[in-house]
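> The following block contains a protein sequence and its predicted model.
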Amino acid sequence: MAKATWNGHLLAESETTETVEGNLYFPEDSVNRNYLRPSSTSSSCPWKGQARYYTVFVDGQENPDAAWYYPDPKPAARNIKHHMAFWRGVEITK
């Protein structure tokens with residue numbers, strides 16, 4: 001079971017994840033959206049496409065752009081459609 005936690009709170013948990021470039025992507029339905037706030041940040045990857053971000057918000061503390069996803073990934077990355085990854089201090093365990 002893979003888990004993503006920050007400040008002692010479970011952000012996501014799933015037995016089925018996708019790994020791309022060393023990052024674990026959790027299915028959308030395994031993510032606790034109560035801890036996410038939309039961000040205006042985006043980035044571009046030549047083979048995955050355009051990424052969008054969320055700020056993680058737990059107990060009054062923010063972790064800006066600590067979650068990201070590809071709303072419309074390019075064909076080479078279609079396995080991460082409807083998935084989300086975490087970084088910036090979010091602990092990922094398997």
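Looks like it arrived, so ask away.

> Work out for me the element the spatially most central residue of the chain sits within.
The centre of the chain sits closest to Ala85, judged by CA atoms, centre = their mean, with a distance of 2.4 Å. Using DSSP states H and E, Ala85 maps to strand 83-86.

> so where is this protein shaky, pLDDT-wise?
For the chain, applying pLDDT under 70 flags no range at all.

> Which residues does the helix or strand where Ala66 lies contact?
Element membership of Ala66, judged by DSSP H and E, is strand 61-69. For strand 61-69, the surrounding residues in contact (CB atoms under 8 Å, 6 or more residues apart in numbering) are 6-7, 11, 25, 28, 31, 36-37, 39, 41, 43, 51-57, 80, 83-90. Every C-beta, even on glycine, is put in place using the N, C-alpha and C of the backbone.

> In this structure the residue nearest to the centre of the chain contacts Phe26, no?
Yes - contact between Ala85 and Phe26 holds when scored by CB atoms under 8 Å: they sit 7.3 Å apart.

> burial of His9, as a residue count?
13 (other CB atoms under 10 Å).

> in its sheet, what does the strand or helix carrying Ala51 sit against?
Here Ala51, judged by DSSP H and E, is contained in strand 49-58. Strand 49-58 has the following strand partners under DSSP bridges: strand 36-45 (antiparallel), strand 61-69 (antiparallel).
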